[in-house]
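1. any chance you could fold what I've pasted below:
(2 chains)
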Amino acid sequence: MEHIVIIGNGIAGVTAARHIRKLSDKKITIISAETDYFFSRTALMYVYMGHMKFEHTQPYENWFWKKNRINLKKAYVNKVDTDTNTLYFAEGDSLQYDKLIIATGSKPNKFGWPGQDLKGVMGMYHKQDLEQLEVFAPNNKVCQRAVIVGGGLIGIELAEMLNSRDIPVTFLVRESSFWNIVLPNGESEMLNRHIKNHHIDLRLSSNLKEIKSDKNGQVSSVIIEETGEEIPCNVVGLTAGVSPNIDFLKDSKIEINRGVKVNRFLETNIPNIYAIGDCAEQHEAIGNRRPIEAVWYTGRMMGETLAQTICGNRMAYKPGHWFNSAKFLDIEYQTYGWVFGDVGRPDYEKHFHWKHDDDTKCITIAYHKDTKEFLGITTFGIRMRHETFDRWLTEKRNVDYVINHLSEANFDPEFYSRFEDKILSTYKAQQPSLAS
Amino acid sequence: MNTAKPSMSLTKPEAFDLTTKQKLSTALGVIGLIILLLAAFNVEFPNKPIFLALSLLMITAGVILFTNDLYAGKHPGIKNDGVMFKSITSRGLWAWITGIALTSFYIILYFKATWLGLGTNGAENTGLVALFDPLSKLLNGGPASQWFVYGTLYTVAILIFGYKFLMKYKHNRYEQLRTYSVMFFQLGFAFLIPEFMARLNSDSFSLPYYDLKNIWPLNYYNFEQYRVDSMISAGDIGLGILIFGVLSIFVITPILTYKYGKRWYCSWVCGCGGLAETSGDAFRHLSDKRQSAWKIERWVVHSVVVFVTLMTTAVIYSYLGDDSSKYWLTKNVFLISVASLLTLVFALVMIFKRAQIAKDAKYGAIGYMVIILALVGLHYFNGSQLFLFKAEPLRQTYGFLIGSIFSGVIGTGFYPIFGNRVWCRFGCPMAAILGFQQRLFSRFRITTNGGQCISCGNCSTYCEMGIDVRAYAQKGENIVRSSCVGCGICSAVCPRGVLKLENDSLKGRINPNDILLGNDVDLMDLVYQK
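-> Below is the predicted model:
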């Protein structure tokens, strides 16, 4: 029986395993050094905040794996020998595979800052990071201030986590406005205010120069590059993005760049080896997507696709329309299609922006300035229906149509206040020539 | 999903300690409770109305002040910080103390009401019940009973913890309206109206105590002889109420459940649901999410339905006559009607909804159908005895096991250990009947928003009915489950806007063809090929 070995028990690897099991009787083994069972990485924050216990983050009961004949092995892969199809583990043993799927995810970026390996400096990615945070920041007596470096999704989640235990947070963000490399200005600026409203000390246009240590090798302060200011702190969270977790492949024959290089079929340069999820790097980016997509959803979709290929139905990874979502403290964010921030925005992309007076809801709709084709939408504080926007994008609806039919796409709970009329009148007021 | 291990640890991150104000508010409420406790131990209070008012006000003020310190002035949003660390909400020491105290209270209430001071054989009330005499006289003109004490405390609990829930979900209008609704129905329909109705009773006119929103089989006693006699002898009003009681279960309930799902009752109207959603809200995450619990739930709750049907049939049968010239509804007509109705429902489901029923549910339904019909048929062979049991012991057994032990002692007493909907999930025959309709004949579903689920587990964790919501959401499937009471918390706690409770057309409700997880279309076809 063909033996499929998957390195990594995250969403990509587990999805691949589940779908291979659905489609075939192959022997399946999943290897992880991080945890015994699959858990939702995006939910780690809720464990620290006390919304859930770690067990709640595991989507399948422990009997699920045996019942579905998916072997789980807790081990760390040191080396992949592609000539003999063998994995060598740090624990000393080895394992033969017929086909190998690399789904090892990411690791937090470190940019060579002085002091980046001190005690109390951590990312927020692995389960072990959560355990570290519980040691170094259990409350605001042990951790009197934490400094977070890097203003992305993980950074603001870490800020929310520490905030839940009343630990003062200083948040260093390189950009001039929060996450404006992705978000349009209206949304980004709303978040600047929202973060400050939660008593988080947000420092924009601020870079980390160095992390200073006390005599025990533990963090004592950070220095800001631009101002030279020294901020005393007990914990430093490094959340300046992630990169593929593939150091163990450096000496193998598998072609890597930043990630494991794969073609559209998620195949590496070695015939029986594949890579999916955060650690895979496309030779050429797909559409507006990045070559490395470190997103939950794309990991899942690559897993679904690769399962088809492994089971004899060779299939290219063809993601549909881009979508994503997140939650920034109390503001939910959803996006469908492409809406660019200032960085990398195509010339033809124009924006319509509407903001609610309460400063927690807004939308930005992107459209083609000549053809008026609807390109994408970003919403804060208003839930939208994925299916509807996916259809409108496929149908290439124009911006007028979308704004006039926005109520069809609303996904807020029943009895919520609706804003379609206000959005429409704002739109008409801004573009009198379009008023109908 | 996995159920979290209980924590008996006394240590927790100090960050989640109570604030000074919260401690003082708790103390205030506890002093109010101590007044009640002292009364129960026969401490004689000089001015009963003042001490009763003082006690209830202190309890109310304690909860309100606690709530205000917790939520007022905070940003609207999900407020579950520290739930898994606090002793009372994570099966810690305080949870066990509270659970044991509540359970003891229920046991005394149901089986030793004299300990609370209930005067028997015309004697004056003493102790705790006597403390409530002034309020009872004010409302219904008579002295209090243990049920009046319970009803008052129950109503106060729903109102004050309703306030807490309203503050917690101040950003969510669905939760707000739903909570106003249960507060209104408890105060008006369950508490005030029946008390005022009691005032209307005289020697010539008497209605049984009737909470109009309490529908058979939840009020399993509704069609017992003394009640039916009493309603019939009370003229048009009584007859009207009796007819309303029958229509409630056979006409009103199916229509409303078709349109809105069983939530119209379970989380908007019902008193048990009302208490669970307000006082019990802090314990909703304790429900067992394991698949094995779901299997047990299905067998237990449907067995209760069979039990209540048999019991009620036997009870009504026992007081009907044989002579059709005196009254059209004879023993015979009644039995045949019951058997026909059950057969009709059974046949319709098996013919039209066969495909939607799991294998074990089919076996269960067939098994129970055979048992009921056999028991009815047996009657015609061996003569008078219906169902091999006498009606009265059957009724008493049901009242003891289901009415008292299951719904009260276990259902509410164990809130802090098993969660707040144990009764509704495992025991309530009304919930089972509504759930059956919701699963097969309703427009209600929880829609999953395409591919946006990140499997975080907040929805499953906070589902009070123990539904593993995530299992559906992460597959892009809608959630159509008989047990769902439509509380809407899964949708509220979802950080990605994935879940929406809605009433929509029946087409595509259960297995939508247009499942969309973000992949391109031809792959989705393959993934979801059945």
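
2. spell out which parts of the stretch 1-150 of chain A neighbour chain B.
-> A:11, A:19, A:40, A:42-43, A:46-47, A:49-62, A:138-141 (C-beta under 8 Å from any C-beta of the partner chain). Every residue, glycine included, has its C-beta placed from N, CA and C.

3. swap in 6 Å and give it another go.
-> By C-beta under 6 Å from any C-beta of the partner chain, the residues of the stretch 1-150 of chain A that approach chain B are A:40, A:42-43, A:49-53, A:55-59, A:61, A:138-139.

4. most widely separated two among those?
-> A:61 and A:139 (32.8 Å; C-beta to C-beta).

5. which one of the two is surrounded by more residues?
-> Higher neighbour count among residue A:61 and residue A:139: residue A:61, with 19 against 16, using other C-beta atoms under 10 Å in any protein chain shown.

6. what about that one, which helix or strand?
-> Residue A:61 is part of no helix or strand when elements are defined by DSSP states H and E.

7. how close does it sit to residue A:38?
-> Computed with C-beta to C-beta, to the nearest Å, the distance linking residue A:61 and residue A:38 is 11 Å.

8. now do the contacts for the residue in chain A positioned nearest to chain B.
-> When distances are taken as C-beta to the nearest C-beta, chain A reaches nearest to chain B at residue A:386, 2.7 Å away. For residue A:386, the set of contacting residues under the criterion of C-beta atoms under 6 Å, 6 or more residues apart in numbering or on different chains consists of B:449-450, B:452.

9. who's the closest spatial neighbour of it, skipping the chain neighbours?
-> Once its chain neighbours are removed from consideration, residue A:386 has its nearest residue in residue B:450; the separation is 2.7 Å (C-beta to C-beta, 6 or more residues apart in numbering or on different chains).

10. now residue B:142
-> Counting by C-beta to C-beta, 6+ apart, the nearest residue to residue B:142 once its immediate chain neighbours are dropped is residue B:136, at 6.3 Å.

11. in stretch A:233-244, which of the residues would be classed as buried?
-> Burial within stretch A:233-244, assessed by neighbour count using 16 or more other C-beta atoms under 10 Å in any protein chain shown, is assigned to A:233-240, A:242-244.

12. what's it in contact with?
-> A:106, A:108-109, A:120-121, A:123-124, A:136-137, A:143-150, A:154-155, A:158, A:211, A:219, A:258-259, A:279, A:294.

13. the residues you listed in strands, which ones?
-> Within the contacts of stretch A:233-244, membership in strands is found for A:106, A:108, A:121, A:146-149, A:211, A:219, as judged by DSSP state E.

14. okay if I get those as a markdown table plus pLDDT and neighbour count?
-> Converted to a markdown table, the ones in strands among the contacts of stretch A:233-244 look like this (pLDDT from 0 to 100; neighbours: other C-beta atoms under 10 Å in any protein chain shown):
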| residue | pLDDT | neighbour count |
| --- | --- | --- |
| A:106 | 96 | 22 |
| A:108 | 95 | 20 |
| A:121 | 97 | 23 |
| A:146 | 98 | 28 |
| A:147 | 98 | 26 |
| A:148 | 98 | 31 |
| A:149 | 97 | 26 |
| A:211 | 97 | 23 |
| A:219 | 97 | 24 |
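
15. closest to residue B:471 among the residues you listed?
-> The shortest separation between residue B:471 and any of these is 26.2 Å, and it belongs to residue A:106 (by C-beta to C-beta).

16. list the helices and strands the helix or strand residue B:459 falls within packs on?
-> Taking DSSP H and E as the criterion, residue B:459 maps to helix B:458-461. Helix B:458-461 makes packing contacts with helix B:469-473 when contacts are defined by 3 or more C-beta pairs under 6 Å, 6 or more residues apart in numbering or on different chains; DSSP states H and E.

17. separation between whatever residue of chain B ends up closest to chain A and residue A:60?
-> The nearest approach of chain B to chain A comes at residue B:450, 2.7 Å away (C-beta to the nearest C-beta). Computed with C-beta to C-beta, the distance linking residue B:450 and residue A:60 is 22 Å.

18. who's more crowded, the two?
-> For residue B:450 versus residue A:60, the count of surrounding residues by other C-beta under 10 Å is larger for residue B:450: 25 against 21.

19. count the neighbours of the nearest residue to residue A:52 once chain neighbours are set aside for me.
-> On the basis of C-beta to C-beta, 6+ apart, the spatially nearest residue to residue A:52 that is not a chain neighbour turns out to be residue A:46, at 4.5 Å. When counting by other C-beta under 10 Å, one arrives at 30 neighbours for residue A:46.

20. pLDDT score for residue A:46?
-> Residue A:46 is assigned a pLDDT of 97 by the prediction.

21. care to break the chain down by domain?
-> No chain specified, so I'll use chain A. A:3-107+A:243-310, A:121-240, A:323-434 (automatic domain parsing).

22. actually it's chain B I care about, not the one you picked
-> Following the assignment in automatic domain parsing, chain B carries domains at B:14-74+B:112-200, B:291-429, B:441-527.
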